[in-house]
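*Asks:* attaching a predicted model along with its sequence, questions to come.
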Amino acid sequence: MSKSTELGAAVVESLATEAATEIAKEYAEIGLDAVLSEGLLKDIPVVNTVVALGKLGISINDRLLIKKLLAFLSNFQTVSAEDRTEMVRKLESDSAYGRKVGEHIIELLDRIESHLKPRMVALVFKAYSASSIDSGMLHRLNNSIERIPLFEIPSIRRFSDATREQRLELNATSLQALVNAGLAIVGSGYGALVYEPNDVCAVFLALNLDLVRS
């Protein structure tokens with residue numbers, strides 16, 4: 001079994017374990033060192049797995065991944081274990097999703113910044129669990145979260161709320177960042193390029209992803 005497969009299976013097991021999300025929330029608040037203390041890992045299967053795979057020691061990348069996993073899992077405390085299990089089953093039976101949920105989460109968390117973004121990803125999966133979005137929108141939102149620079153996130157709502165004329169005055173680099181993140185489309189008008197929010201941007205803001213805080 002590959003490392004990503006093993007970690008992915010452990011993520012799914014953690015989502016199905018009632019205590020895991022509760023403990024993840026507690027440890028996310030008190031710090032990583034407490035999570036790694038002896039005897040405090042048994043109820044979070046994926047943390048156990050990261051530690052076991054590290055064998056001789058936990059690398060910086062492992063510590064960052066654990067931090068991201070705790071932030072991600074802690075946001076599922078308000079979702080029952082049954083609903084989390086059903087979310088995984090529903091996604092993996094959805095041909096439009098086309099992934100193993102656990103492996104997808106590990107790969108995504110591994111690529112994104114540890115500050116705020118794991119919580120944003122959790123909100124996207126929770127929205128899917130609540131049938132607020134479909135798997136296609138889940139993929140698009142996670143792609144946007146991955147690609148948007150953290151410092152540009154506050155500009156998303158300002159961009160969406162602005163008029164067409166006001167958007168012409170916005171910073172060109174910020175506008176391009178929104179396009180690159182799949183949150184805006186660009187056309188021509190008013191004798192210049194015109195940037196417009198798209199449906200992904202609308203859902204991003206409807207889920208208040210830009211308002212996530214530590």
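*Replies:* Arrived safely. Numbering: from 1, shown residues only.
*Asks:* which SS state does the residue nearest the centre of the chain fall under?
*Replies:* The centre of the chain sits closest to residue 121, judged by C-alpha atoms, centre = their mean, with a distance of 1.7 Å. Following DSSP: H, G, I helix; E, B strand; the rest coil, the label given to residue 121 is helix.
*Asks:* so it sits against residue 145, correct?
*Replies:* Yes - between residue 121 and residue 145 there is a contact under C-beta atoms under 8 Å: 5.9 Å. (Each C-beta comes from the backbone N, C-alpha and C, glycine too.)
*Asks:* what is in contact with these two at once?
*Replies:* Taking C-beta atoms under 8 Å, 6 or more residues apart in numbering as the criterion, residue 121 and residue 145 both touch residue 112.
*Asks:* alpha carbons only: can I get the longest helix belonging to the chain in CSV?
*Replies:* Counting by DSSP state H, the longest helix found in the chain is helix 60-74. Provided in CSV are the C-alpha atoms of helix 60-74 (Å, rounded to 0.1, in the frame of the first residue of the first chain):
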residue,chain,number,x,y,z
ILE,A,60,8.7,19.5,9.3
ASN,A,61,6.4,18.5,6.4
ASP,A,62,4.8,15.8,8.6
ARG,A,63,4.1,18.4,11.4
LEU,A,64,2.6,20.8,8.9
LEU,A,65,0.4,18.0,7.5
ILE,A,66,-0.8,17.1,11.0
LYS,A,67,-1.6,20.7,11.7
LYS,A,68,-3.6,20.9,8.5
LEU,A,69,-5.4,17.6,9.2
LEU,A,70,-6.4,18.8,12.7
ALA,A,71,-7.7,22.1,11.3
PHE,A,72,-9.7,20.2,8.6
LEU,A,73,-11.1,17.5,11.0
SER,A,74,-12.0,20.0,13.7
